[in-house]
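J.: structure for the following, please:
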Amino acid sequence: MVVAPQSLWSGNGATSKWSEGANWVGGVAPAAGNHLVFGTGTPATSVNDFAPGTLFESIFYTGGNHTLTGNQVVLGNTGLTATAGTHALDLDFHVDPVCMPIVAEFGSRLTLSGVLSG
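T.: Numbers count the residues shown, from 1 in each chain. Sure, this is the predicted structure:
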C-alpha cells in the first residue's frame, strides 16, 4: 500500500501561494497527490496557484481560521476534513461522489463556495 506524502502549511513565505516552498514545513511545496494539512497558528489565508484540476489526496484543517482561494482542486479519496476552527473555501472542487468524504467535526465550521462537481 502506497501512502501519499503529507505537506504541512507554515505560511512563512513572502506570498500566500501554495507553490511557494517557504510556505510549507521543510521548505518544499507539495506535489500533486499529497495530503495538505493546515493548523492553528498559521497565516489565515492561502491561494491555490497550482494548475486548475491538480489532484491532492486530502485537505485537512486541524484548527485556526483559514480562507482558501484560487484554482480548482481535485480531491482524492481521503477528502476534506475540518476538526476545529472556521474555514472558508472560496474555490471550485471536483470530487468522486462515491468515495470522497467532506467532514466538519463538532465545533468546527466549513463553508464551501464555488462549484462542487464530480
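J.: need the strands for the chain, in chain order.
T.: For the chain, applying DSSP state E gives strands covering 6-8, 35-38, 45-48, 54-61, 65-70, 73-82, 85-90, 93-94, 102-104, 108-113, 116-117.
J.: check the gap between the spatially most central residue of the chain and residue 73 for me.
T.: Centroid-nearest residue in the chain, with CA atoms, centre = their mean: residue 59, separated by 3.6 Å. As judged by CB to CB, to the nearest Å, residue 59 and residue 73 stand 7 Å apart. All C-beta atoms are positioned from the backbone trio N, CA, C, and that covers glycine.
J.: kindly report the same for residue 22.
T.: Per CB to CB, residue 22 is found 21 Å from residue 73.
J.: neighbours of residue 96, how many?
T.: Taking other CB atoms under 10 Å as the criterion, the count of residues near residue 96 is 12.
J.: give me the common contacts of residue 59 and residue 73.
T.: Counting by CB atoms under 8 Å, 6 or more residues apart in numbering, residue 59 and residue 73 have no shared contacts at all.
J.: circling back to that earlier point, want to throw the strands of the chain into TSV with distance to residue 14 and mean pLDDT?
T.: TSV is the format used below for the strands of the chain (distance: least, CB to CB, whole Å; pLDDT from 0 to 100):
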stretch	distance to residue 14	mean pLDDT
strand 6-8	18	95
strand 35-38	18	96
strand 45-48	13	96
strand 54-61	22	94
strand 65-70	17	95
strand 73-82	23	91
strand 85-90	22	93
strand 93-94	27	90
strand 102-104	31	88
strand 108-113	27	90
strand 116-117	31	86
